[in-house]
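Participant: Sequence plus the predicted model coming up.
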Amino acid sequence: MDRPKKKVVLRAVNSMSSLSTSVKENGGKGMRAVNSLTSISELDDSDLLALLVDRPRVKLERKNSYEEKSFSELSLYDGLETPTFSISDSFDPHPMVSKAWEALFRSQVYFRGQPVGTIAAYDHASEEVLNYDQFFVRDFVPSALAFLMNGEPDIVKNFLLKTLQIQGHEKKIDRFKLGDGAMPASFKVLHNPIKKTDSIIADFGESAIGRVAPVDSGFWWIILLRAYTKSTGDHSLAERPECQKGMRLILSLCLSEGFDTFPTLLCADGCSMIDRRMGVYGYSIEIQALFFMALQSARSMLKEDAEGKEFMDKIQKRLHAMSFHMRSYFWLDFQQLNDIYRYKTEEYSHTAVNKFNVIPDSIPDWVFDFMPLQGGYFVGNVSPARMDFRWFSLGNCIAILSSLATPEQSMAIMDLIEARWDELVGEMPLKICYPALESHEWRIVTGCDPKNTRWSYHNGGSWPVLLWLLTAASIKTGRPQIARRAIDLAEARLLKDGWPEYYDGKSGRFIGKQARKFQTWSIAGYLVAKMMMEDPTHVGMISMEEEKHMKPVLNRSFSWC
Ligand code: GLC
């Protein structure tokens, strides 16, 4: 079939030509140390600039008016009249950037002549295709952000509308029908060269390993709709009746009343990026953080009409309850760890301190060494008598971006990443989780999964795609030097190694045992990280501020103060 010629104009690389630039000297000031516990709102303009500029200061004035809209979202810049940017790679793009764009364009998938997404991996050398020739909703997110940042929103709009149509398909696993709001994990375009037709087959979990429905897909869809709206200033897409309905259908799956005693969302193992059994069943941080972000995003887009009003009320209440629950019970820092270590068990009644009956003996040894005096994080899972103390990168970065974490908690998470750099970043950003499950625990928890052996794949592997999330979180917390360090590590290897899906080993030194090459989200994640560093206002597409009435709560440990 005839496909439109790909735009091989590498606009990001040349984006400088659309910017009028003037360079100001930094007055020899250089980067001054800023106490990492200082909250964003306490910093004055010169502090913010100092944080963002580690080389001579560069001032750029942008021309795209739509970018100005997202600019106001970033509290980091509140009070600054002219967006002022730094990062001198803008003037000297890394050679990897153009290679990455070429690879990203090549991965585009077309449906009836329109680009609708990007294939998971374009790895011709690999004999086993599995489902990497499909187009995954979660994998498309960094691609979509890259296209939006590059001023190419059409593919994102096509994606949003196409997935909405697919949502309308009947979804059945054996004889059981899934909820109407379920979004696909992935889909594939089938081209019939004889009839010259295109058709789509989607997977809602009925072909996935373990037959789990992707809970994250619907959340990512809502988050992306907001990113599209922020980036383009085009509200008409989100306002369309089909988009409003799509949001409501997704939300009704997670806001319905049931037997829950917690505001968090109960989920099966393998229902998100970690799509195999890894002991993330229950209330995993990844799902909770994405749920929170999707609720925030929906609140900004849902119409308060007859149907929307009821959802708005539910969203508001849920956000309120969730922020309390997560900030109180999922949060772990030195003080909190010490409190849990001294917990009494079998406490009954409303006065119980150890509400979930976590038995101190279940605290794993590694966490006592891992926890720095300054810093903290949201643990992997909290449910009755079970705290999963593992660190998960995606959930913690999304917690920062969605303001599920308070500004102080956000700072503490970044403190922890710095303090435990070797463990969490090592030689390739970023560990999907830490530490790996080994031996007996691996056998029991993963069911002897041969792909998830220790320090590989989902079990402590390092995933380059997570670079964009780390970068966004670093910029939001005013600590871009963390992102800079991580990007340098990625640039030393990613292209040379052929953009692997993941790396193995304690420090992420080895290309993953079964990693695909030319994995699209590794490529797009890198581009998004670079573009955000070049123009930090892009972070506004994916970042949201804390609602005043949700302000905390507890003040029980010193990494908060
Ligand atoms: C693997 C990952 C999953 C990803 C898919 C396609 O299954 O675990 O998160 O979406 O590959 O890249």
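Facilitator: That came in fine, so what should we check first? Keep in mind that this is a model prediction, so the values were computed, not measured.

Participant: only C-alpha atoms for contact and neighbour calcs from this point on.
Facilitator: Will do.

Participant: Just grab the bridge partners of the closest residue to residue 456 other than its chain neighbours for me.
Facilitator: Of all residues beyond its chain neighbours, the one nearest residue 456 is residue 504 (4.7 Å), with distances taken as CA to CA, 6 or more residues apart in numbering. Each beta-bridge partner of residue 504 is listed here, defined by DSSP bridges: residue 510.

Participant: I figured residue 504 was touching residue 455, is that so?
Facilitator: Yes: under the criterion of CA atoms under 8 Å, residue 504 lies in contact with residue 455, with a separation of 5.7 Å.

Participant: And the residue of the stretch 51-200 of the chain closest to the ligand?
Facilitator: Residue of the stretch 51-200 of the chain nearest the ligand, by CA to the nearest ligand atom: residue 120 (4.9 Å).

Participant: quick one: contacts for that residue?
Facilitator: With contacts taken as CA atoms under 8 Å, 6 or more residues apart in numbering, residue 120 has the following neighbours: 107, 132-136, 139, 519-521.

Participant: separation between it and residue 524?
Facilitator: Residue 120 sits at a distance of 11 Å from residue 524 (criterion: CA to CA, to the nearest Å).

Participant: residue ranges with poor pLDDT in the stretch 301-450 of the chain?
Facilitator: Flagging of the stretch 301-450 of the chain using pLDDT under 70 yields an empty set of residue ranges.

Participant: do the same with the stretch 101-250 of the chain
Facilitator: If you take pLDDT under 70 as the line, the stretch 101-250 of the chain has these spans: 124-131.

Participant: Spell out the residue ranges of the strands in the stretch 351-500 of the chain.
Facilitator: Read by DSSP state E, counting those that start in this stretch, the stretch 351-500 of the chain holds these strands, from start to end of the chain: 376-378, 381-383, 386-388, 391-392, 433-434.

Participant: As JSON lines, those strands with mean neighbour count and distance to the ligand would be great.
Facilitator: Compiled in JSON lines, those are given as follows (neighbours: other CA atoms under 10 Å; distance: least, CA to the nearest ligand atom, whole Å):
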{"stretch": "strand 376-378", "mean neighbour count": "29", "distance to the ligand": "21"}
{"stretch": "strand 381-383", "mean neighbour count": "21", "distance to the ligand": "19"}
{"stretch": "strand 386-388", "mean neighbour count": "18", "distance to the ligand": "20"}
{"stretch": "strand 391-392", "mean neighbour count": "22", "distance to the ligand": "14"}
{"stretch": "strand 433-434", "mean neighbour count": "24", "distance to the ligand": "13"}
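
Participant: Now tabulate the ones you listed in CSV and tack on distance to residue 274.
Facilitator: As requested, those are arranged in CSV below (distance: least, CA to CA, whole Å):
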stretch, distance to residue 274
strand 376-378, 17
strand 381-383, 14
strand 386-388, 15
strand 391-392, 10
strand 433-434, 10
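
Participant: So the closest residue to residue 385 other than its chain neighbours versus residue 396, what's the distance?
Facilitator: Counting by CA to CA, 6+ apart, residue 358 is the residue found nearest to residue 385 once chain neighbours are left out, at 4.3 Å. Note on residue 358: its distance to residue 396, by CA to CA, is 22 Å.

Participant: Tell me which of those two has more neighbours.
Facilitator: In this view residue 358 and residue 396 are compared by other CA atoms under 10 Å, and residue 396 has more residues nearby, 26 against 21.

Participant: thought the more buried one was touching residue 380?
Facilitator: No: contact criterion CA under 8 Å: residue 396 and residue 380 do not qualify, at 9.2 Å.

Participant: which neighbours do those two share?
Facilitator: When contacts are counted by CA under 8 Å, 6+ apart, residue 396 and residue 380 are jointly contacted by 285-286.

Participant: Up against the ligand, what does the stretch 251-400 of the chain have?
Facilitator: Contact residues of the stretch 251-400 of the chain with respect to the ligand, defined by CA under 6 Å from any ligand atom, are listed as 273-275.

Participant: And the residues you listed, which is closest to the ligand?
Facilitator: residue 273 (3.5 Å).

Participant: List the contacts of the closest one.
Facilitator: Taking CA under 8 Å, 6+ apart as the contact definition, residue 273 lies against 138, 216.

Participant: how about a cut-off of 10 Å?
Facilitator: Residue 273 is in contact with 138-139, 185, 214-217, 286-287, 394, 432, 458, counting by CA atoms under 10 Å, 6 or more residues apart in numbering.

Participant: And these, which two are furthest apart?
Facilitator: Using CA to CA, the pair of the contacts of residue 273 lying farthest apart is 185 and 432, separated by 19.2 Å.

Participant: what's across from residue 382 in the sheet?
Facilitator: Judged by DSSP bridges, the bridge partners of residue 382 are residue 387.

Participant: ok, which residues in the protein are in contact with the ligand?
Facilitator: For the chain, the residues in contact with the ligand under the definition CA under 6 Å from any ligand atom are 120, 132, 136, 138-139, 273-275.

Participant: which residues does residue 383 contact?
Facilitator: Applying CA under 10 Å, 6+ apart as the definition, the contact partners of residue 383 turn out to be 262, 264, 266, 282-284, 329-330, 355-358.

Participant: next one: residue 436
Facilitator: For residue 436, the contact set (CA under 10 Å, 6+ apart) comprises 390, 442, 452-461, 505-506.

Participant: can you pick the most crowded of these?
Facilitator: Neighbours here mean other CA under 10 Å. Within these, the largest count is held by residue 461, at 32 neighbours.

Participant: Hmm, that one is touching residue 431, no?
Facilitator: Yes: Residue 461 sits in contact with residue 431 when judged by CA atoms under 10 Å, with a separation of 5.7 Å.

Participant: what helix or strand is residue 109 on?
Facilitator: Per DSSP states H and E: residue 109 is located in strand 108-111.

Participant: That strand pairs with which strands?
Facilitator: With DSSP bridges as the test, strand 108-111 is paired with strand 114-118 (antiparallel).

Participant: how near is the residue in the stretch 351-500 of the chain positioned nearest to the ligand to residue 107?
Facilitator: Distances from the stretch 351-500 of the chain to the ligand, computed as CA to the nearest ligand atom, single out residue 458 as the nearest residue at 7.0 Å. Taking CA to CA as the measure, residue 458 falls 24 Å from residue 107.
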